[in-house]
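Peer 1: For reference, the sequence and a predicted model appear below.
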Amino acid sequence: MDVDAYVAAHQADWARLDDLVRRRRGLTGDEVDELVTLYQRTTTHLSALRSAGHDPALVARLSTRVAQARTTVTGSHTPAWSTVARFAVVSFPAMAYRARWWWAATSAGSVVVAVLLGWWVDRSPGVQAALLPRAAVRQLVYHQFQNYYSEYAATSFAAQVWTNNVWVAAESLIFGVLLGLPTLLVLFANAANGGVEGGLMFAHGKGVLFFSLILPHGMLELSAVFLAAATGLRLGWSIIDPGPRPRGRALAEEGRSSLTIALGLIVVLLVSGVIEAFVTPSPLPSAARIGIGVVVEIAFLGYVILLGRRAAAAGRTPDMDHVPDAAPVTG
């Protein structure tokens, strides 16, 4: 393609489109029809230039033109509250529900690994000795594990826990782009850490204390981390097996949808962080603290399953309503 000749042939159309966009509030009926026609024509021009791939700067400028014209043609933007409501009621639960089998498998696999490692550590004094010196084990079991939840001010601790958990969830999700292999390593590291600590606690008769401190916040926290990991693994699988879609398109669609999980889990992990800072170390009876964790976990799972199933039945998708213009591709 001769880009200069192409630009010269269509520059008048683009300039006219710019003029109509600037005067959008005072257009006549014929001018509105002309605006729509020029918008569609310019979109075709943009696709042709993208396919040619000779002038990225020109493509960027024309993309901006097309985006502005689209806004004019389709009307005013969706109110922010409506976007947030759609995200909470449709996008996030729809994506979580779509990943439900990956989520269930990730959760089950991680729990099995943690339980097996915990049982091994509990039943093997030699393994315990190899992990930590005897004095360090006693410090962990009798002081450090319990004091961890109350040694800092609750608000600071909540922020610290929230930041750490969001980072772990982000790693689990983002690493899915690398075929999910680093995601599996993150999952194993978390399962191993929990299994080893649990095994040491059980070996010293502190199993009840272990669960009374882990369960109030841990159910929601681990559900969130497992969901992030499941989404990351699903993202990696879209590269391995994109189905009938081109591999690049499959990755783009799954990546956009996965962003809803990343954003939604920020809120979910904030809730678990608040529970960990204010409920877990509280003087409430163990049954009450665990009960709060159970209620929150049931509420979260019910929200995802009910709204996610409804969105799936209605054919709703977690992907964005309007994706950027893309050049036609083959294959």
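Peer 2: Yep, that arrived.

Peer 1: From Thr74, how far off is Val168?
Peer 2: 39 Å (CB to CB, to the nearest Å). No exception for glycine: its C-beta is placed from N, CA and C like everyone else's.

Peer 1: same thing with Thr28?
Peer 2: Thr28 is 19 Å from Thr74, by CB to CB.

Peer 1: hmm, back to that, neighbour count winner among Val168 and Thr74?
Peer 2: Using other CB atoms under 10 Å as the criterion, Val168 and Thr74 rank with Val168 on top: 20 against 10.

Peer 1: Point me to the helix or strand that includes the more buried one.
Peer 2: helix 154-174 (DSSP states H and E).

Peer 1: Do me a favour and average the pLDDT over that helix.
Peer 2: What helix 154-174 shows for mean pLDDT is 92.

Peer 1: And the next helix or strand past that helix?
Peer 2: helix 181-203.

Peer 1: Can you show me the CA trace of that following helix as PDB?
Peer 2: The C-alpha coordinates for helix 181-203 follow below in PDB (Å, rounded to 0.1, in the frame of the first residue of the first chain):
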ATOM      1  CA  LEU A 181       3.600 -22.800  35.300                       C
ATOM      2  CA  PRO A 182       4.600 -20.000  37.700                       C
ATOM      3  CA  THR A 183       1.000 -20.000  39.000                       C
ATOM      4  CA  LEU A 184       1.400 -23.600  40.000                       C
ATOM      5  CA  LEU A 185       4.600 -22.700  41.800                       C
ATOM      6  CA  VAL A 186       2.800 -19.900  43.800                       C
ATOM      7  CA  LEU A 187       0.000 -22.300  44.700                       C
ATOM      8  CA  PHE A 188       2.500 -25.000  45.900                       C
ATOM      9  CA  ALA A 189       4.500 -22.400  47.900                       C
ATOM     10  CA  ASN A 190       1.300 -21.300  49.700                       C
ATOM     11  CA  ALA A 191       0.100 -24.800  50.300                       C
ATOM     12  CA  ALA A 192       3.500 -25.900  51.600                       C
ATOM     13  CA  ASN A 193       3.700 -22.900  53.900                       C
ATOM     14  CA  GLY A 194       0.300 -23.700  55.400                       C
ATOM     15  CA  GLY A 195       0.900 -27.400  55.600                       C
ATOM     16  CA  VAL A 196       4.300 -27.100  57.300                       C
ATOM     17  CA  GLU A 197       3.000 -24.600  59.900                       C
ATOM     18  CA  GLY A 198      -0.100 -26.800  60.500                       C
ATOM     19  CA  GLY A 199       2.000 -29.900  60.900                       C
ATOM     20  CA  LEU A 200       4.300 -28.200  63.500                       C
ATOM     21  CA  MET A 201       1.300 -27.000  65.400                       C
ATOM     22  CA  PHE A 202      -0.400 -30.400  65.400                       C
ATOM     23  CA  ALA A 203       2.800 -32.100  66.400                       C
END
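
Peer 1: just checking, next helix/strand downstream of it?
Peer 2: helix 207-240.

Peer 1: And Val36, what's its pLDDT?
Peer 2: At Val36, the model reports a pLDDT of 87.

Peer 1: quick one: contacts for it?
Peer 2: Shown in contact with Val36 (CB atoms under 8 Å, 6 or more residues apart in numbering): Val73.

Peer 1: any idea which element it lies in?
Peer 2: With DSSP H and E as the criterion, Val36 is inside helix 29-52.

Peer 1: can you count the residues close to Ala130?
Peer 2: Ala130 has 9 neighbouring residues, counting by other CB under 10 Å.

Peer 1: Would you check how far apart it and Ser124 are?
Peer 2: Ala130 sits 9 Å away from Ser124, going by CB to CB.

Peer 1: again with Gly218
Peer 2: As judged by CB to CB, Gly218 and Ser124 stand 24 Å apart.

Peer 1: what does Glu297 give?
Peer 2: Going from Glu297 to Ser124 by CB to CB gives 32 Å.
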